[in-house]
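Asker: sequence plus predicted model, see below.
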Amino acid sequence: MNRRMTMATTVAGIALSALAGCGASDSDGAVTSPSKTATPPAVTTQAPSVDPDTDGAVDLRGDWEIKTEDYVLHLVEDGTFIQDYMGIEDFRTGKYSVKGRTIWLVGDDGDTDKGTIVGDTLQFTLGTATRVK
């Protein structure tokens, strides 16, 4: 009886090993490897490197506000920004960069805001910022 159990276990093991090595076959009968779920590439919010002397960034230095949201954006000469929001000064800080007509605010908190320079305004999801005079 022990010999039959050993033989049955051996046959079952060989069969399982053979099945584990098999791949799926496609419509022309070719054997393919088992598919693996691909991991999507990591999404980055990293803006281009900050260079306040290119593509109009020099012209954007200063203070911008969205009055209806009690929001002020301070764009500093060194490529950093400070946001005041709802009466809280220094609410958020980070670095800004400009390329063409796009401005990126990459916060120290890891969040990135993207805006569009339209004429003498900065358009963000929050609203349209105008220069404080």
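Answerer: The structure has been received and is ready for your questions.
Asker: the lengthiest strand in the chain pairs with which strands?
Answerer: Criterion DSSP state E: the longest strand present in the chain is strand 88-99. For strand 88-99, the pairing partners within the sheet under DSSP bridges are strand 80-85 (antiparallel), strand 102-107 (antiparallel).
Asker: most tightly surrounded among those strands?
Answerer: A comparison of the strands paired with strand 88-99 by mean neighbour count, using mean count of other CB atoms under 10 Å, puts strand 102-107 on top with a mean of 20. C-beta: built from backbone N, CA, C; applies to glycine.
Asker: quick check, residue 121 in contact with residue 103.
Answerer: No - in this structure, residue 121 sits apart from residue 103 without contact. The criterion is CB atoms under 8 Å, and the distance is 11.2 Å.
Asker: what kind of secondary structure is residue 125 in?
Answerer: For residue 125, the secondary-structure state derived from DSSP: H, G, I helix; E, B strand; the rest coil is coil.
Asker: what's the spacing between it and residue 118?
Answerer: Here the distance between residue 125 and residue 118 works out to 14 Å (CB to CB, to the nearest Å).
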